[in-house]
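# take this sequence and fold it.
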Amino acid sequence: MKSLKERKMSCKCSKCIVACWQNPGWFGSIKEVEGAAELLNLSIEQFAEKYLIQEWWISKNKDILIPASRRDFSRMDDIQKKVFKEFPTLDETWKRERTINGKGFIVASWGHNLMSGYACIFLTKDNNCLIHESKPMECRELLACKKIRLDRKNLLPYWRRHQNWFDEISNKINNCK
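The predicted structure is shown next:
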């Protein structure tokens, strides 16, 4: 198994790039979010509102929120374009979901979790990660080409203890408006 230092290196193979077009990466800690915001010279609130969405995990007691990279709905892959061309009513359904999930530090709708074929908001046009040095833990730990996977359940205990962080950030964003 590769060392953490080796895994932090960016992989631009086709399998890893495809992963950037699938589910958004979950951040593993508040420090990771702070580091990514710092890289872009943004406050946590500005960063969250522009780039993050609140993904969720259904739990026995209470759903758990997890900050994740937003999808870039302005960048759709060719497969998705073909599907929407063949099934225009499906595009109308997803258009509503894109509108709901496209802005603000909101809790993701059910549709956000089902949508693929859109680039991660941090994936640049030349297939680099805009926040590579502080990318979400799920992105760092996932190397699609090496079949290394992070079990999302491992992130849940941390975020279960930090659910108040979401309210704090949301309140600060709302107070700035």
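# may I see the buried residues of stretch 115-124?
Met115, Gly117, Tyr118, Ala119, Cys120, Ile121, Phe122, Leu123 (16 or more other Cβ atoms under 10 Å). Bear in mind the C-beta positions are built from the backbone N, C-alpha and C, glycine included.
# now it: how far from the chain's centre is it?
Distance of stretch 115-124 from the chain centroid (Cα atoms, centre = their mean, to the nearest Å) equals 8 Å.
# also stretch 12-21?
15 Å.
# what lies in contact with that stretch?
Contacts to stretch 12-21, defined as Cβ atoms under 8 Å, 6 or more residues apart in numbering, come from residues 77, 116-120, 123, 127-129, 139, 142-145.
# just the C-alphas of that stretch, formatted as PDB.
This file holds the C-alpha atoms of stretch 12-21, laid out as PDB (Å, rounded to 0.1, in the frame of the first residue of the first chain):
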ATOM      1  CA  LYS A  12      -4.800  12.200 -13.900                       C
ATOM      2  CA  CYS A  13      -5.500   8.700 -15.300                       C
ATOM      3  CA  SER A  14      -8.900   8.200 -16.900                       C
ATOM      4  CA  LYS A  15     -10.300   6.200 -14.000                       C
ATOM      5  CA  CYS A  16      -9.500   8.900 -11.500                       C
ATOM      6  CA  ILE A  17     -10.800  11.700 -13.700                       C
ATOM      7  CA  VAL A  18     -14.000   9.700 -14.200                       C
ATOM      8  CA  ALA A  19     -14.400   9.600 -10.400                       C
ATOM      9  CA  CYS A  20     -14.400  13.400 -10.400                       C
ATOM     10  CA  TRP A  21     -17.500  13.200 -12.600                       C
END
